[in-house]
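Asks: coordinates only, sequence not included:
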């Protein structure tokens, strides 16, 4: 699997009922746990004081990432995404020997 750095900014459309927001956020938490269990969501952070997320996500390729991973998130229709494909750096202290 390839790794991708994904920056996510979620904006709830004006006029959306709070119960719809709550329902989607609850479903989002469930789906995130499922994706973490399969290894497709490796890490997720929220910058201090910001309403965006930064994460390391995994998929076979960018098409799969968009369609079968990020596209399954209940909040996806409200998200703006920036996706950056990643590759291992030769000086990465977490690099496994022989990884490229």
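Replies: Here it is on my side, so go on. Everything numeric in this text was worked out from a predicted model, so none of it was measured.

Asks: where do the helices sit along the protein?
Replies: Along the chain, the segments classed as helices by DSSP state H run 18-37, 62-64.

Asks: Quick one: low-confidence residue ranges for the protein.
Replies: Residue ranges of the chain with pLDDT under 70: 97-100.

Asks: try it again with 80
Replies: For the chain, the stretches flagged by pLDDT under 80 are 95-100.

Asks: Quick one: the strands in it, in order.
Replies: Assigned by DSSP state E, the strands in the chain fall at 2-10, 41-45, 52-59, 79-86.

Asks: In a markdown table, list those strands along with mean neighbour count.
Replies: Every C-beta, even on glycine, is put in place using the N, C-alpha and C of the backbone. Formatted as a markdown table, these follow (neighbours: other Cβ atoms under 10 Å):
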| stretch | mean neighbour count |
| --- | --- |
| strand 2-10 | 17 |
| strand 41-45 | 14 |
| strand 52-59 | 17 |
| strand 79-86 | 12 |
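
Asks: who wins for proximity to residue 66 among these?
Replies: Nearest to residue 66, of all the strands of the chain, is strand 79-86, at 7.6 Å by Cβ to Cβ.

Asks: List the neighbouring strands of the closest one plus their orientation.
Replies: The strands beside strand 79-86 in its sheet (DSSP bridges) come out as strand 2-10 (antiparallel).

Asks: angle of the strand it pairs with against strand 41-45?
Replies: Using axes from the mean of the first three to the mean of the last three Cα atoms, to 10 degrees, the inter-axis angle of strand 2-10 relative to strand 41-45 is 40 degrees.

Asks: quick revisit: mind checking the helices of the chain for the one nearest to residue 7?
Replies: Closest among the helices of the chain, using Cβ to Cβ: helix 62-64, at 14.6 Å.
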